[in-house]
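**Student:** pasting the structure only:
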């Protein structure tokens with residue numbers, strides 16, 4: 001009797017084939033949807049532009065309403081020329097200004113950091129900031145800690161001295177240490193340098209591109225009594241940027257280009 005019942009309900013070979021074909025079609029459709037999702041993800045996510053400069057790989061900043069500033073950042077405002085020099089520009093178009101920044105992929109520790117700069121950094125617009133510094137990733141410390149800065153900026157005040165050396169503390173909540181100085185140059189080329197050690201940070205600014213100490217026009221040595229709290233000791237990426245203080249456009253409305261011909265790092 002069971003066999004008789006099975007013979008009555010058993011699907012025909014054609015029905016079985018239809019079922020299998022339907023399942024195959026559904027599987028094919030699922031695979032197509034997965035492939036489309038993958039393609040959409042690949043096409044909509046953009047990889048950050050990377051350049052090679054001075055023996056290191058650097059990531060170029062891009063995006064809108066991002067600090068410092070906040071500002072808009074254009075990856076096309078950064079390039080390497082045929083001589084291997086790094087160019088950073090500040091540009092304005094369609095009512096918006098675009099800044100430039102590069103961040104080293106590697107992290108560097110104690111040692112001598114030296115930059116050969118070309119451009120009249122002594123004549124920057126009061127709203128323009130040019131920075132040469134290291135900066136802590138989130139696993140090293142929050143913003144306002146560890147960082148060591150050489151910056152040329154008047155912070156919106158035309159009469160303020162343009163040179164700035166800053167050391168940020170290793171611990172959040174402590175005060176940073178600053179040294180400000182004027183600069184009146186007769187040419188485009190300068191050497192900017194800081195030497196970072198466990199107990200002190202020494203800064204120098206010199207006329208021309210050089211490895212010695214001649215032509216010095218600014219110097220400051222920061223040597224606190226509690227270096228463990230006031231000087232960071234963890235390796236950090238180097239960053240170079242050209243941006244606008246509080247996101248305000250240049251008072252003179254002029255676009256700017258600065259060149260970093262060389263960066264060298266000598267471990268302590």
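**Tutor:** That came in fine, so what should we check first? Computed from a prediction, not measured in an experiment: that's the story for all the values here. Numbering: from 1, shown residues only.
**Student:** can we go C-alpha only for contacts and neighbour counts from here?
**Tutor:** Will do.
**Student:** tell me the average confidence for stretch 229-238?
**Tutor:** Here stretch 229-238 scores 98 as its mean pLDDT.
**Student:** roughly how far is it from the heart of the chain?
**Tutor:** The chain centre lies 16 Å from the centre of stretch 229-238; the measure is CA atoms, centre = their mean, to the nearest Å.
**Student:** Could you pull up the residues touching residue 249?
**Tutor:** Residues near residue 249 by CA atoms under 8 Å, 6 or more residues apart in numbering: 97, 127.
**Student:** residues making contact with the helix or strand harbouring residue 97?
**Tutor:** Using DSSP states H and E, residue 97 maps to strand 96-104. Strand 96-104 is touched from outside by 56-61, 71-75, 77-78, 88-92, 237-244, 249, with contacts defined as CA under 8 Å, 6+ apart.
**Student:** Give me the subset of the residues you listed lying in helices.
**Tutor:** Using DSSP state H to define helices, no part of the contacts of strand 96-104 is located there.
**Student:** Give me the sheet partners of the strand holding residue 97 and which way each runs.
**Tutor:** Here strand 96-104 is paired, per DSSP bridges, with strand 56-60 (antiparallel), strand 71-73 (parallel), strand 86-93 (antiparallel), strand 238-244 (antiparallel).
**Student:** buried residues in that strand?
**Tutor:** Using 16 or more other CA atoms under 10 Å as the test for burial, strand 96-104 gives 97-104.
**Student:** re the thing from before, narrow the contacts of strand 96-104 to those that are buried.
**Tutor:** Buried among the contacts of strand 96-104 (16+ other CA under 10 Å): 58-61, 71-75, 77-78, 88-91, 237-244, 249.
**Student:** hang on, the earlier thing: same for the helix or strand immediately after the strand holding residue 97 in the chain, what does it pack against?
**Tutor:** Note on strand 96-104: by DSSP H and E, the next helix or strand toward the C-terminus is strand 111-118. Under the contact criterion of 3 or more CA pairs under 8 Å, 6 or more residues apart in numbering; DSSP states H and E, strand 111-118 touches strand 189-196, strand 256-267.
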